[in-house]
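> Sequence plus the predicted model coming up.
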Amino acid sequence: MKLAVTYENEMVGQHFGRTEKFKVFDIEDGKIISSQVIGTNGTGHEALASFLKDLKVDTLICGNMGMGAKTALIETGIKILQGVEGKVDDAVNNYLSGTLKTNLNAECHDHELGHNCGHGGCGHH
């Protein structure tokens, strides 16, 4: 399986649509075989969903995302685990052990209002 995590300075990136990097893990038999940080070469939820699909990612761990991003990812068949905070490697290890804490309601609803989440969260979620 291939697992991607939004990546910002070793932490789970908190705004999917502005993700500049993913850390991508190859996992076999519940163990990490390899990982690498990959630049996205662009922003926007549709472009990022296509980017992950092209990498053959099965599952995404991320912070917040809006409905447009969620819809784009669902259309690619990628499983979404959102509302995750903390270090990327810890999140992946927690996922593999079945202890990852997610929040399926972690969404950014303020895009239509011109809200800019920035990096590291804004407290409006």
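That came through, no problem. Residues are numbered from 1 along each chain as shown.
> CA only for contacts and neighbour counts going forward, please
Noted.
> Give me the buried positions along stretch 8-22.
Of the residues in stretch 8-22, 8, 11-22 count as buried by neighbour count, 16 or more other CA atoms under 10 Å.
> hang on, I meant stretch 27-46
Buried-residue list, stretch 27-46, by 16+ other CA under 10 Å: I32, H45.
> quick one: it to chain centroid distance?
9 Å (CA atoms, centre = their mean, to the nearest Å).
> And stretch 51-60, by the same measure?
10 Å.
> Residues touching it, excluding its own?
1-6, 40, 76-82 (CA atoms under 8 Å, 6 or more residues apart in numbering).
> Among those residues, name the buried ones.
Looks like these have K2, L3, A4, V5, T6, T76, I78, I80, L81, Q82 buried, using 16+ other CA under 10 Å.
> so which helix or strand takes in Q36?
Assigned by DSSP states H and E, Q36 falls within strand 31-39.
> Buried ones in whichever helix or strand comes after that strand, by neighbour count?
Moving toward the C-terminus from strand 31-39, the first helix or strand encountered (DSSP H and E) is helix 45-54. Residues of helix 45-54 classed as buried by neighbour count (16+ other CA under 10 Å): H45, A47, L48, A49, L52, K53.
> List just the nearest of these to N93.
L52 (20.4 Å; CA to CA).
> Which parts of the chain are strands?
Along the chain, the segments classed as strands by DSSP state E run 2-8, 11-12, 21-28, 31-39, 59-61, 79-81.
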